[in-house]
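Student: Sequence below, structure please.
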Amino acid sequence: MAGTEGMSIQQIEDDVLRGGRFRIFRYNFSLIVISFQRSSGIQYIRAGHGPGAHAWGWTLLSMVVGWWGIPWGIFFTLQTIYTNCMGGKDVTSELMTSVVGAQRAAGIMAQAHKPHADILLWLLRIFVLLIPLSIFAAIAGVEHTSR
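Tutor: Model prediction:
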(Lines give C-alpha, C1' and ligand atoms only; values in the text may rest on other atoms or scores of the structure.)
Protein backbone atom coordinates (compact mmCIF):
# COMPACT_ATOMS: atom_id res chain seq x y z
CA MET A 1 0.00 0.00 0.00
CA ALA A 2 1.29 3.46 -0.85
CA GLY A 3 3.29 4.92 2.02
CA THR A 4 3.99 1.62 3.80
CA GLU A 5 6.82 0.41 1.59
CA GLY A 6 9.42 -1.45 3.65
CA MET A 7 7.32 -1.39 6.85
CA SER A 8 6.29 -4.48 8.79
CA ILE A 9 2.85 -4.81 10.39
CA GLN A 10 4.44 -4.10 13.79
CA GLN A 11 6.10 -0.93 12.47
CA ILE A 12 2.78 0.22 11.02
CA GLU A 13 1.02 -0.45 14.34
CA ASP A 14 3.70 1.54 16.20
CA ASP A 15 3.41 4.39 13.71
CA VAL A 16 -0.41 4.42 13.98
CA LEU A 17 -0.01 4.71 17.76
CA ARG A 18 2.10 7.84 17.15
CA GLY A 19 -0.47 9.35 14.77
CA GLY A 20 0.01 7.66 11.41
CA ARG A 21 -3.19 7.27 9.40
CA PHE A 22 -4.55 5.59 6.29
CA ARG A 23 -6.55 8.10 4.24
CA ILE A 24 -8.55 8.28 1.05
CA PHE A 25 -8.94 11.52 -0.88
CA ARG A 26 -11.80 12.35 -3.21
CA TYR A 27 -11.80 13.78 -6.70
CA ASN A 28 -14.41 14.37 -9.33
CA PHE A 29 -14.67 15.25 -12.98
CA SER A 30 -17.55 16.22 -15.22
CA LEU A 31 -18.47 16.11 -18.87
CA ILE A 32 -21.36 18.59 -19.34
CA VAL A 33 -24.32 16.34 -18.40
CA ILE A 34 -22.47 13.60 -16.54
CA SER A 35 -20.35 13.80 -13.40
CA PHE A 36 -18.18 11.25 -11.66
CA GLN A 37 -16.99 11.24 -8.08
CA ARG A 38 -14.16 8.86 -7.25
CA SER A 39 -11.74 8.08 -4.44
CA SER A 40 -8.00 7.94 -4.63
CA GLY A 41 -6.22 4.81 -3.56
CA ILE A 42 -5.53 4.37 0.13
CA GLN A 43 -2.53 6.44 1.14
CA TYR A 44 -0.61 5.93 4.36
CA ILE A 45 0.41 9.19 6.02
CA ARG A 46 3.15 8.49 8.55
CA ALA A 47 3.18 9.99 12.03
CA GLY A 48 4.57 13.50 11.99
CA HIS A 49 3.50 14.08 8.38
CA GLY A 50 0.23 15.71 7.44
CA PRO A 51 -2.27 14.89 4.71
CA GLY A 52 -2.04 18.33 3.12
CA ALA A 53 0.43 17.41 0.37
CA HIS A 54 -1.91 14.66 -0.82
CA ALA A 55 -5.09 16.73 -0.48
CA TRP A 56 -3.84 19.57 -2.73
CA GLY A 57 -3.54 17.58 -5.94
CA TRP A 58 -6.94 15.89 -5.75
CA THR A 59 -8.63 19.14 -4.74
CA LEU A 60 -7.07 21.18 -7.55
CA LEU A 61 -7.99 18.49 -10.08
CA SER A 62 -11.61 18.65 -8.94
CA MET A 63 -11.63 22.45 -8.95
CA VAL A 64 -10.51 22.46 -12.59
CA VAL A 65 -12.56 19.61 -14.09
CA GLY A 66 -15.29 18.98 -11.54
CA TRP A 67 -17.69 21.93 -11.86
CA TRP A 68 -18.81 21.47 -15.43
CA GLY A 69 -21.44 18.75 -15.06
CA ILE A 70 -25.06 19.80 -14.69
CA PRO A 71 -26.42 19.41 -12.03
CA TRP A 72 -24.13 17.14 -9.97
CA GLY A 73 -20.75 18.60 -10.85
CA ILE A 74 -21.12 21.54 -8.50
CA PHE A 75 -22.35 19.39 -5.61
CA PHE A 76 -19.66 16.74 -6.08
CA THR A 77 -16.96 19.41 -6.28
CA LEU A 78 -18.10 21.11 -3.08
CA GLN A 79 -18.25 17.76 -1.28
CA THR A 80 -14.79 16.84 -2.60
CA ILE A 81 -13.30 20.16 -1.52
CA TYR A 82 -14.78 19.82 1.98
CA THR A 83 -13.59 16.21 2.43
CA ASN A 84 -10.07 16.96 1.22
CA CYS A 85 -9.79 20.17 3.25
CA MET A 86 -10.59 18.09 6.34
CA GLY A 87 -7.65 15.83 5.54
CA GLY A 88 -9.43 13.18 3.48
CA LYS A 89 -11.40 10.24 4.79
CA ASP A 90 -9.65 8.38 7.60
CA VAL A 91 -9.94 4.62 6.99
CA THR A 92 -7.30 3.56 9.53
CA SER A 93 -9.69 1.75 11.86
CA GLU A 94 -11.32 -0.24 9.06
CA LEU A 95 -8.01 -1.17 7.48
CA MET A 96 -6.37 -2.14 10.76
CA THR A 97 -9.42 -4.26 11.61
CA SER A 98 -9.06 -6.17 8.35
CA VAL A 99 -5.33 -6.75 8.93
CA VAL A 100 -4.96 -7.45 12.68
CA GLY A 101 -8.54 -8.21 13.76
CA ALA A 102 -11.25 -6.16 15.42
CA GLN A 103 -10.13 -6.48 19.03
CA ARG A 104 -6.47 -5.63 18.42
CA ALA A 105 -7.38 -2.78 16.05
CA ALA A 106 -9.78 -1.30 18.63
CA GLY A 107 -6.99 -1.38 21.23
CA ILE A 108 -4.54 0.31 18.89
CA MET A 109 -7.02 2.99 17.87
CA ALA A 110 -8.02 3.67 21.50
CA GLN A 111 -4.37 4.38 22.40
CA ALA A 112 -3.39 6.17 19.19
CA HIS A 113 -2.50 9.84 19.21
CA LYS A 114 -4.81 12.04 17.18
CA PRO A 115 -3.07 13.54 14.16
CA HIS A 116 -3.22 17.28 13.65
CA ALA A 117 -3.54 19.31 10.48
CA ASP A 118 -0.30 20.33 8.87
CA ILE A 119 0.55 23.71 7.35
CA LEU A 120 -0.19 22.51 3.80
CA LEU A 121 -3.71 21.53 4.83
CA TRP A 122 -4.27 24.94 6.43
CA LEU A 123 -2.94 26.64 3.31
CA LEU A 124 -5.39 24.60 1.21
CA ARG A 125 -8.27 25.71 3.45
CA ILE A 126 -7.22 29.35 3.14
CA PHE A 127 -6.84 29.02 -0.64
CA VAL A 128 -10.32 27.54 -0.96
CA LEU A 129 -11.84 30.29 1.21
CA LEU A 130 -10.09 33.02 -0.78
CA ILE A 131 -11.72 31.94 -4.05
CA PRO A 132 -15.31 33.02 -3.22
CA LEU A 133 -14.00 36.09 -1.39
CA SER A 134 -12.03 37.11 -4.49
CA ILE A 135 -15.05 36.59 -6.71
CA PHE A 136 -17.21 38.65 -4.34
CA ALA A 137 -14.60 41.42 -4.22
CA ALA A 138 -14.34 41.46 -8.02
CA ILE A 139 -18.13 41.70 -8.40
CA ALA A 140 -18.35 44.42 -5.76
CA GLY A 141 -15.51 46.32 -7.47
CA VAL A 142 -17.24 46.14 -10.87
CA GLU A 143 -20.52 47.39 -9.42
CA HIS A 144 -18.76 50.19 -7.57
CA THR A 145 -16.93 51.43 -10.69
CA SER A 146 -20.07 51.28 -12.85
CA ARG A 147 -21.88 53.83 -10.68
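Student: And the helices in this structure?
Tutor: Using DSSP state H, the helices found in the chain span residues 9-17, 52-65, 72-85, 92-100, 102-111, 119-145.
Student: Kindly provide the distance from the residue lying closest to L31 once chain neighbours are set aside to P132.
Tutor: Nearest non-adjacent residue to L31, counting by Cβ to Cβ, 6 or more residues apart in numbering: G69, 6.5 Å away. Every residue, glycine included, has its C-beta placed from N, CA and C. Computed as Cβ to Cβ, to the nearest Å, the G69 to P132 distance reads 20 Å.
Student: Please apply the same query to S39.
Tutor: Counting by Cβ to Cβ, the separation of S39 from P132 is 26 Å.
Student: Between those two, which has more neighbouring residues?
Tutor: Neighbours per residue (other Cβ atoms under 10 Å) separate S39 from P132, with S39 holding more: 15 against 9.
Student: Buried ones in the least confident helix or strand in the chain by mean pLDDT, by neighbour count?
Tutor: Least confident helix or strand of the chain, by mean pLDDT, DSSP states H and E, is helix 119-145 with a mean of 84. For helix 119-145, a neighbour-count test (16 or more other Cβ atoms under 10 Å) marks 120-121, 124-125 as buried.
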